[in-house]
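Colleague: Mind folding the following:
(one chain, ligands or ions: 1)
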Amino acid sequence: MTRTSLGLYGLGTMGSALALNIADNGHTLHVSNRSSSRVPEFLSEAGDLKGNLRGHDSLVTMIDAMNAPRTIILMVPAGKPVDDTIDQIRRHLTGGDTIVDAGNADFNDTRRRTKTLEAAGLNFIGMGVSGGEEGARHGPSIMVGGSKASWDRLRPVAEAIAAKHEGAPCAAHLGPDGAGHFVKTVHNGIEYAEMQMIAEIFGIERSAGRPHSEIGRMFDRWNRGPLKSYLVEITGTVLGATDHLTGGPAVEEIVDKAGQKGTGRWTVIEALKLGQSASVIEAAVGARGWSSDPARPTAAQTLPGRSDAADLPPETLEAALIAGRIVNHAQGFDILAAASKEFRWSLDMATIAEIWRAGCIIRSAQLDTFAAAFRAGPPKGSLALAPDMVAMLKQAVPGLRATVAAAVTAGQPVPALAGALGWYDTMTKARGTAALIQAQRDYFGRHGFDRVDGTDDRHGPWWRD
Ligand code: 6PG
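Modeller: All right, here's what the predicted structure looks like:
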């Protein structure tokens, strides 16, 4: 890439942070924004990095000022704004130019845009960027989908700005068209589930009457052990924080309704379309929905509930989260494997686990183990069946079971932890209750079933005279 051919449009929080990161890594970057007044403001915030930045009043003037072949990074909200921006600039671009959508796009949109733009001789890259504002500024994890040729051009910049894990850049070309955005979507689904399981454990500890600061210290301790991860780390910090107005725990001053922009929901939708069920992610998305259900305040007044103390030793809860984390990631990677097969992406699970080891929101010490397990090739391609995971699950599942049992008895909601255990208990039985589902289906719809003895008799006695 020539040094003057890189541009970024959209100087919001993430766009600004990414632009400063690019400039900080010695690249010259053209920048513009929908509202042009943001450009001089951004340049003055850039301080010494201003020398590497070229501001423009509009996206079109920016494109005109750039040398071809250009690479334009879009940092605009997902959905219509991306299509509108592409429509606005298409006729100003020339063959060989590349548009990079660095937002959290629906991969179906990315596939559609890739097809249209490639037909017009342009390149399109769907680039998942994880790490929040801090990550975008100092080193995110970067998941790229697009043609190999356009990746070759973007690669030096992407690798320079990405987080490093023991010196290796957490940026990779994962496959064509929507592969990068799909992997980022599943990353976010896993993120939702990790957050939910942590929140459920907080709820259990709070029910037992432990002060927030003490619960925070428990997470701090966990962050020095096998659960070391960004989300456990920030939970410790958040729970230790006091509100500046009340002096009480800051978290209790926050309205108890979880927001969501959609990536967790997309993960569940796409998983189900692929015939996969990620019970932990599903539970996490559902729990966010329940939290803001308008009927909840009335239900809380009307329905007889139960809210007893679930008093469990921290080691039991720690084991529960270790087991939950393994199941959550195993399910996430199963979704990726199903998508890879369906869309012929040849996703490399080891590479994905490796670029999630630093920079992104779900970074954790366990991702190192997951990456090693994928490098070694787990049985049936399933992370949960890798020898190290089998050993860890053997140790940790009793804690998960004790936690779910105690929480359920006390009336403390643990949908995500229970979702992990439900999957585990189903998968660990060669014969469960699906045969009854088959019998019911045959009974009401003559759907037929396979017999254990292999004989070709596909209907039950209820269809015989
Ligand atoms: C990341 C985050 C980032 C963002 C999510 C939050 O990887 O950096 O996942 O993408 O924080 O979009 O999603 P919700 O608003 O849906 O929680």
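
Colleague: Just give the closest residue to the closest residue to the ligand within the stretch 301-450 of the chain, not the sequence neighbours.
Modeller: The ligand sits closest to I361 of the stretch 301-450 of the chain, with a gap of 4.3 Å, by CB to the nearest ligand atom. (Glycine included, C-beta is placed from N, CA and C.) Among residues not flanking I361 along the chain, E191 sits closest, at 5.0 Å (CB to CB, 6 or more residues apart in numbering).

Colleague: Around the ligand, which positions in the stretch 101-250 of the chain sit nearby?
Modeller: Proximity of the stretch 101-250 of the chain to the ligand (CB under 6 Å from any ligand atom) is limited to residues 104, 130-132, 188, 191.

Colleague: And the residues you listed, which of them are buried?
Modeller: Buried by 16 or more other CB atoms under 10 Å: 104, 130-132, 188, 191, out of these.

Colleague: What residue spans form the domains of the chain?
Modeller: 5-177, 185-427, 434-463 (automatic domain parsing).

Colleague: Quote the end-to-end distance of the first one.
Modeller: End-to-end span of domain 5-177 (CA to CA, to the nearest Å): 22 Å.

Colleague: same thing with the last one?
Modeller: The stretch domain 434-463 measures 20 Å between its terminal residues, going by CA to CA.

Colleague: Please apply the same query to stretch 219-233.
Modeller: By CA to CA, the extent of stretch 219-233 from end to end equals 7 Å.

Colleague: For the residue of the stretch 101-250 of the chain found nearest the ligand, give the beta-bridge partners.
Modeller: Residue nearest to the ligand within the stretch 101-250 of the chain: S130 (3.1 Å; CB to the nearest ligand atom). Beta-bridge partners of S130, counted by DSSP bridges, are S141.

Colleague: Okay, the residue of the stretch 301-450 of the chain closest to the ligand and P40: tell me how far apart.
Modeller: Distance, I361 to P40, by CB to CB, to the nearest Å: 32 Å.

Colleague: and if you look at L154?
Modeller: Counting by CB to CB - L154 and P40 are separated by 28 Å.

Colleague: Have a look at these two and say which one is more surrounded.
Modeller: L154 (23 against 11; other CB atoms under 10 Å).

Colleague: Tell me how far the helix or strand hosting that one lies from the chain's centre.
Modeller: Using DSSP states H and E, L154 sits in helix 148-161. Centroid separation for helix 148-161 versus its chain: 22 Å, with CA atoms, centre = their mean, to the nearest Å.

Colleague: Would you mind naming what in the stretch 301-450 of the chain lies close to the ligand?
Modeller: By CB under 6 Å from any ligand atom, the residues of the stretch 301-450 of the chain that approach the ligand are 360-361.

Colleague: Please repeat the previous calculation with a cut-off of 8 Å.
Modeller: Residues of the stretch 301-450 of the chain lying close to the ligand (CB under 8 Å from any ligand atom) are 360-362.

Colleague: Point out the ones among those that are inside strands.
Modeller: Using DSSP state E, no member of these falls in strands.

Colleague: which of those has the most neighbours?
Modeller: C360 (28 neighbours).

Colleague: Neighbours of A358, how many?
Modeller: 23.

Colleague: ok, now A434?
Modeller: Applying other CB under 10 Å, I find that A434 has 10 neighbouring residues.

Colleague: Distance check, it against P379.
Modeller: Distance, A434 to P379, using CB to CB: 22 Å.

Colleague: One more: V404?
Modeller: Here the criterion is CB to CB. By it, V404 lies 26 Å from P379.

Colleague: The two: which is more packed in?
Modeller: V404 (23 against 10).

Colleague: Please name the residues that touch that one.
Modeller: Neighbouring residues of V404 by CB atoms under 8 Å, 6 or more residues apart in numbering: 320, 414, 417-418, 421.

Colleague: again, only using 6 Å
Modeller: Contact analysis of V404 by CB atoms under 6 Å, 6 or more residues apart in numbering lists 414, 417-418, 421.

Colleague: Looking at R464 now. What's its pLDDT?
Modeller: At R464, the predicted lDDT confidence score is 86.

Colleague: gap between it and R441?
Modeller: 17 Å.

Colleague: hmm, which two among the contacts of V404 are most spread apart?
Modeller: V414 and L421 (9.0 Å; CB to CB).

Colleague: And those two? Which one has more around it.
Modeller: V414 (29 against 23).

Colleague: Correct me if wrong: the more buried one contacts V408.
Modeller: No - using CB atoms under 6 Å as the test, V414 is too far from V408 to be in contact (7.0 Å).

Colleague: Helix or strand for the residue nearest to the spatial centre of the chain, just tell me which one.
Modeller: For the chain, N188 is the residue whose C-alpha lies nearest the centre (CA atoms, centre = their mean; 1.5 Å). In the assignment (DSSP H and E), N188 maps to helix 179-207.

Colleague: Name the residues of that helix that are buried.
Modeller: 179-207.

Colleague: Could you do stretch 418-426 as well?
Modeller: 418-424.

Colleague: Take those and write them to CSV, including secondary structure and pLDDT.
Modeller: Listed next are those as CSV, based on DSSP: H, G, I helix; E, B strand; the rest coil; pLDDT from 0 to 100:
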residue, secondary structure, pLDDT
A418, helix, 98
G419, helix, 98
A420, helix, 98
L421, helix, 98
G422, helix, 98
W423, helix, 98
Y424, helix, 98
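
Colleague: what's the spacing between the residue of the stretch 301-450 of the chain closest to the ligand and G15?
Modeller: Counting by CB to CB, the gap from I361 to G15 is 18 Å.

Colleague: can you map out the strands along this structure?
Modeller: Using DSSP E, strands in the chain cover 6-9, 29-32, 53-55, 71-74, 98-101, 123-130, 141-145, 164-165, 168-169, 171-175.

Colleague: Only alpha carbons, please: show the last one as PDB.
Modeller: It stands for strand 171-175. Presented in PDB, the C-alpha positions along strand 171-175 are these (Å, rounded to 0.1, in the frame of the first residue of the first chain):
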ATOM      1  CA  ALA A 171      -5.000  -9.900  13.200                       C
ATOM      2  CA  ALA A 172      -5.800 -12.500  10.500                       C
ATOM      3  CA  HIS A 173      -7.400 -13.100   7.200                       C
ATOM      4  CA  LEU A 174     -10.000 -15.700   8.100                       C
ATOM      5  CA  GLY A 175     -11.800 -16.300   4.800                       C
END
